[in-house]
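Q: Predicted model and sequence follow; I will ask about them next.
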There are 2 protein chains.
Amino acid sequence: MNNNYELYKVFYWAAKMGSLTQAAKVLFLTQPSVSHAIKQLEDSFGLVLFYRNSKGVELTQEGSVLYSYIEQSQIMISLAEEKMTALKNLDNGELRIGGSDSLFKHYVLPYLEEFHERHPAIKLHLNHGTTPEVITFLKEGRIDLGVVRMPIVDSQLEVKESFQLQDCFVAGARYAKLKNSVISLEMLLQYPIILFSRNSRARMTITELFQSYGYTIKPEIEVGSVDLLIEFARRGLGISYVTREFVSKELEDESLFEIRLDVPLPPSHVGIMTMRNMPLTSAASRFIELIR
Amino acid sequence: MNNNYELYKVFYWAAKMGSLTQAAKVLFLTQPSVSHAIKQLEDSFGLVLFYRNSKGVELTQEGSVLYSYIEQSQIMISLAEEKMTALKNLDNGELRIGGSDSLFKHYVLPYLEEFHERHPAIKLHLNHGTTPEVITFLKEGRIDLGVVRMPIVDSQLEVKESFQLQDCFVAGARYAKLKNSVISLEMLLQYPIILFSRNSRARMTITELFQSYGYTIKPEIEVGSVDLLIEFARRGLGISYVTREFVSKELEDESLFEIRLDVPLPPSHVGIMTMRNMPLTSAASRFIELIR
DNA sequence: TATTGTTCATAGATGTGGTCTATAGCTCCT
DNA sequence: AGGAGCTATAGACCACATCTATGAACAATA
């Protein structure tokens, strides 16, 4: 009974075609090979599976029973192979990305659009969260890749830089007087500061920057989304620390302006984060190819 | 994509066990063999199916998709193999026999009882009909074997004699005067004769016998069943030509007696008829073994 | 920090067995 | 009788599945 499953494939086609010769053609084998394979199966069961006659073969009672099972089995394998081809060709499957809302909105979105256009059958799943959350998603296998601010130090993860953003302070009309001056960090602290509330990479970066100059930055207002950061600044509630690329529209229509500082603000690097040494899905690796 | 289906068996167990090493044990292979098999599958699809880590392996997204199909396929094969073993061991299956009602009742029945006791899981199908009908059943594959009177001359069929019966003329009390005499064929024709009506072997035999002596036997009454043949004779409607073994009860309780003739009546041979060069089901060959 | 015990991957050797060709036997049809 | 199907059988061959031996990576110990 310890059969080679390959024999079932031969049996299936022999039964389906009603002829060993025809089965051989389908399977790209010779007729004796097929004959031999069927004999092996019959011997292994101790049962005769086919009536042989001069026109071909016909299933015996027992052969019919076997066929009813093997047919199902073969159909499943065919479906599996089709599905695998589809996955390979990106005619199927899903792409699960983690990251912050703002990065999705301002950075990932155009690539997603292009990817979706090229591979409309791939379902897209966006999971937003803070960087630590995204890391957890990744480690739990809930996403294929994360789009996060660098640096990330985690030996399980692999992060490739893909884009550079510049954070800056912006203010609205209320602080128009600052428009044409260059401000020091100390001076800036005189004004109400609006920062992103959560454990974001940007928040850590700016805090460290002030500390490196001997100051402590304490926000007047903390908000939970980039949209609010922008909105509060526009309404004059304070000076927001945002990614310049995310307020390009507001800078252009001059509802916001950038505060010029006498020290350079460090650029922020966006990276594509994946599990180290873990293979990517076909869709994920194609997407990363696209984005770089 | 032209995969050896054997690889799916390896894949199935690797996924199921979550470990190539464990899969190897189940499959009685070495770990490198399993590793190699999985690699072959992955290469053939151009997709990675497993994450390898130090604890074993885990399905990737694509691997999971494949598994969901292959699992079904493998389950069907397992069921098929179980079923085949059951059929082989006669824990399952059916036995379809054709023949006349009277042969079933008086000859086949005890064997069927014994067979059923030994293999209670085998379903029994009895199809009664005249000999030509039974031959048709057999050729159409509706029965596995037929129990018929010999001889049968048909090159497609194989008939093995299994039992000998003796036909005879019997009468009831009305003809008691014949009880102690030896009768000639000519004398017999003076009395009303009751014969089986249909194209039975017994009818042909007796007709030929009379013809060989230059007489023609013309029944007064023709009936369609052996039971009626017996019943009519008992009631004195005539002299019936029946198989002696079928009226043993009536002969014993003397409601019927056998007419002694001055010529010997030919014995009738019962044979087991099967298709020549066609394999028998496990159940059928076991039954024939039993009956001989 | 080394040690030990897992895991899977790789390389190269080996021999089994699946596949081939050639041929025979059978049945049906012309 | 001959031809054209079909399947079965025999024997030869070589690809490839499997093996052993080893390496590399990682985790859980000491």
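A: On my side now, so go ahead.

Q: switch to C-alpha atoms for all contacts and neighbour counts from now on
A: Will do.

Q: Spatially nearest residue to residue A:127, not counting backbone neighbours?
A: residue A:98 (4.6 Å; C-alpha to C-alpha, 6 or more residues apart in numbering or on different chains).

Q: Validate this expectation: that neighbour resides in a helix.
A: No. Under DSSP: H, G, I helix; E, B strand; the rest coil, residue A:98 sits outside any helix and is assigned strand.

Q: Which positions in the stretch 51-200 of chain A make contact with chain B?
A: For the stretch 51-200 of chain A, the residues in contact with chain B (C-alpha under 8 Å from any C-alpha of the partner chain) are A:51-52, A:60-62, A:65-66, A:69-70, A:72-77, A:79-81, A:83-85, A:87-88.

Q: Out of the residues you listed, which end up buried?
A: A:51-52, A:60-62, A:65-66, A:69-70, A:72-74, A:76-77, A:80-81, A:83-85, A:87-88 (16 or more other C-alpha atoms under 10 Å in any protein chain shown).

Q: which among those are in contact with DNA strand D?
A: residue A:52 (C-alpha under 7 Å from any atom of the strand).

Q: mind showing which ranges of the stretch 51-200 of chain A have poor pLDDT?
A: A:198 (pLDDT under 70).

Q: can you give me the strands for it?
A: A:56-59, A:94-99, A:123-128, A:145-149, A:157-171, A:182-183, A:193-196 (DSSP state E, counting those that start in this stretch).

Q: And these: which comes nearest DNA strand D?
A: Minimum separation from DNA strand D across these (C-alpha to the nearest atom of the strand) falls at strand A:56-59, 3.3 Å.

Q: Show me how chain A divides into domains.
A: What the record gives for chain A is the domain set A:6-88, A:94-145+A:276-291, A:163-269, from automatic domain parsing.

Q: okay if I get these as TSV plus distance to residue B:202?
A: Output for these, formatted as TSV (distance: least, C-alpha to C-alpha, whole Å):
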stretch	distance to residue B:202
domain A:6-88	33
domain A:94-145+A:276-291	75
domain A:163-269	100
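
Q: Identify whichever of those lies nearest to residue B:120.
A: domain A:6-88 (18.0 Å; C-alpha to C-alpha).

Q: Neighbours of the residue nearest to residue A:170 when sequence neighbours are not counted, how many?
A: Nearest-residue entry for residue A:170: residue A:258, 4.4 Å, with adjacent residues in sequence omitted and distances by C-alpha to C-alpha, 6+ apart. The number of residues packed around residue A:258, counting by other C-alpha atoms under 10 Å in any protein chain shown, is 21.

Q: and the gap between residue A:258 and DNA strand C?
A: Look at residue A:258 and DNA strand C: by C-alpha to the nearest atom of the strand, to the nearest Å, they are 48 Å apart.

Q: how about that residue, what does it touch?
A: Going by C-alpha atoms under 8 Å, 6 or more residues apart in numbering or on different chains, residue A:258 touches A:168, A:169, A:170, A:171, A:179, A:251.

Q: Same question for residue A:163.
A: A:269, A:270, A:271.

Q: Kindly report the same for residue A:37.
A: Contacts of residue A:37 (C-alpha under 8 Å, 6+ apart): A:7, A:10, A:11.

Q: Figure out which of the strands of the stretch 51-200 of chain A is closest to residue B:214.
A: Between those, strand A:56-59 lies closest to residue B:214; by C-alpha to C-alpha that is 49.9 Å.

Q: That closest one pairs with which strands?
A: strand A:50-53 (antiparallel) (DSSP bridges).

Q: what sits up against the partner strand?
A: A:57, A:58, A:59, A:60, A:63, B:278, B:279.

Q: Can you show me the CA trace of that strand as CSV?
A: Only the C-alpha atoms of strand A:50-53 are listed here, as CSV (Å, rounded to 0.1, in the frame of the first residue of the first chain):
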residue,chain,number,x,y,z
PHE,A,50,-9.5,-2.4,-15.2
TYR,A,51,-11.1,-4.8,-17.6
ARG,A,52,-8.7,-5.0,-20.6
ASN,A,53,-10.3,-5.5,-24.0
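
Q: gap between it and the chain center?
A: Strand A:50-53 has its C-alpha centroid displaced from the chain centroid by 54 Å (C-alpha atoms, centre = their mean, to the nearest Å).

Q: How about the contacts made by the residue of the stretch 1-150 of chain A found nearest chain B?
A: At 4.0 Å from chain B, residue A:73 is the closest residue in the stretch 1-150 of chain A, using C-alpha to the nearest C-alpha. For residue A:73, the contacting residues are B:72, B:73, B:74, B:75, B:76, B:77, by C-alpha under 8 Å, 6+ apart.

Q: again, only using 6 Å
A: Residues in contact with residue A:73 (C-alpha atoms under 6 Å, 6 or more residues apart in numbering or on different chains) are B:73, B:76.

Q: Any chance of the backbone angles for the residue sitting furthest away from the middle of chain A?
A: Note on chain A: the largest C-alpha distance from the chain mean falls to residue A:54, namely 58.4 Å (C-alpha atoms, centre = their mean). Dihedral angles of residue A:54 (phi, psi; degrees, to the nearest 10) stand at phi -70, psi -10.

Q: could you measure it against residue B:31, distance?
A: Plainly put, residue A:54 is 46 Å away from residue B:31 if you go by C-alpha to C-alpha, to the nearest Å.

Q: Repeat that for residue A:189.
A: For residue A:189 relative to residue B:31 (C-alpha to C-alpha), the value is 65 Å.

Q: Kindly report the same for residue A:226.
A: Residue A:226 sits 52 Å away from residue B:31, going by C-alpha to C-alpha.

Q: And these two? Which one has more around it.
A: residue A:226 (21 against 17).

Q: Apart from its neighbours in sequence, what residue is nearest that one?
A: Nearest non-adjacent residue to residue A:226 (C-alpha to C-alpha, 6+ apart): residue A:102, at 6.2 Å.

Q: Could you report the neighbour count for that neighbour?
A: Residues lying near residue A:102 (other C-alpha under 10 Å) number 16.

Q: Could you do residue A:246 as well?
A: Residue A:246: 20 neighbours (other C-alpha under 10 Å).

Q: Wait, a strand at it?
A: No. According to three-state DSSP, the state of residue A:246 is helix, so it is not within a strand.

Q: Per-residue pLDDT of it, please?
A: With respect to pLDDT, residue A:246 has a value of 87.

Q: ok, now residue A:1?
A: 62.

Q: do residue A:277 as well
A: Residue A:277 is given a pLDDT of 66.

Q: what does the one 3 residues further on give?
A: Turning to residue A:280, the model gives it a pLDDT of 81.

Q: residues near the nearest residue to it once chain neighbours are set aside, how many?
A: Nearest non-adjacent residue to residue A:280, counting by C-alpha to C-alpha, 6+ apart: residue A:144, 7.0 Å away. A total of 26 residues lie near residue A:144 under the criterion other C-alpha under 10 Å.

Q: Can you pull the phi/psi pair for residue A:144?
A: phi -90, psi -30.

Q: quick one, the helix ranked longest in chain A and strand B:94-99 angle?
A: Using DSSP state H to define each element, chain A has its longest helix at helix A:61-88. Inter-element angle recorded for helix A:61-88 and strand B:94-99: 140 degrees (by axes from the mean of the first three to the mean of the last three C-alpha atoms, to 10 degrees).
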